[in-house]
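# Dropping the sequence and predicted coords here.
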Amino acid sequence: MTLTSRRVTQEPCRSGRIRHEPERYGLLVTQDNDVFLIDNDKPTTYAKAVTGPDSEKWLEAMRSEIESMYTNQVWTLVDPPEGVKPIGCKWVFKKKTDIDVKEFGFIKNEDEPCVYKKVSGNAVIFLVLYVDGILLIGNDIPSLQSMKI
């Protein structure tokens, strides 16, 4: 009597979802319903940022961000406890363009490149961009509430 083994192979389970490449371009719709095409081409990894065509700008932005965190003392550098693996970190890259805010009637401040101002009658609104946040400050609540950024 002879024993034989039979190996059953199965196809791996595959998701049925359709995969799409991320869209490189986005649309900006202004208050006047004008539509602008915006380039969303930004690096998705540190390696792509430092080897891509805008590498000098990304390196300067990273240096500036680390310098800001150091100056503002947002962390204390310590040695990790023995046997503990420190958590990692990840850079998130995002391009800020003047068209994003200028099309809403804001004027760029020459002394502070991330500060914009909009004046309409007696209403004044300041828009401040920082890393991944937007701060709106103004003297007219309805004007602030009407912003669609």
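Everything's here; your move.

# Which residue ranges of the protein form strands?
25-29, 35-39, 107-108, 115-120, 123-130, 133-138 (DSSP state E).

# okay, now the domains of the chain?
Per the TED database, the structural domains of the chain span 28-94, 96-148.

# how about these in TSV, adding mean pLDDT, distance to S15 and mean neighbour count?
For every residue, glycine as well, the C-beta is placed using N, CA and C. Converted to TSV, the domains of the chain look like this (pLDDT from 0 to 100; distance: least, CB to CB, whole Å; neighbours: other CB atoms under 10 Å):
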stretch	mean pLDDT	distance to S15	mean neighbour count
domain 28-94	79	21	11
domain 96-148	81	30	13
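
# Now render the ones you listed as CSV, adding distance to G16.
Shown next, in CSV, are the domains of the chain (distance: least, CB to CB, whole Å):
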stretch, distance to G16
domain 28-94, 25
domain 96-148, 34
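
# between those domains, which one is nearest to C13?
Checking those against C13 by CB to CB gives domain 28-94 as the closest, at 27.0 Å.

# What ranges does this protein have for its helices?
Listed in chain order, the helices of the chain (DSSP state H) span residues 46-51, 55-71, 98-102, 141-145.

# nearest to E110, of these?
Per CB to CB, nearest to E110 of the helices of the chain: helix 98-102, 12.5 Å.

# about what we covered before: figure out which of the helices of the chain is closest to K108.
With CB to CB as the criterion, K108 lies closest to helix 98-102 of those, at 6.2 Å.

# Need the distance between the two termini of stretch 74-93.
20 Å (CA to CA, to the nearest Å).

# My error: substitute stretch 124-140 in the last question.
7 Å.

# what's the answer for stretch 110-120, then?
Start-to-end, stretch 110-120 (CA to CA) is 20 Å.

# which outside residues touch that stretch?
The contact list for stretch 110-120 (CB atoms under 8 Å, 6 or more residues apart in numbering) reads 96, 101-102, 104-109, 124-130, 143.
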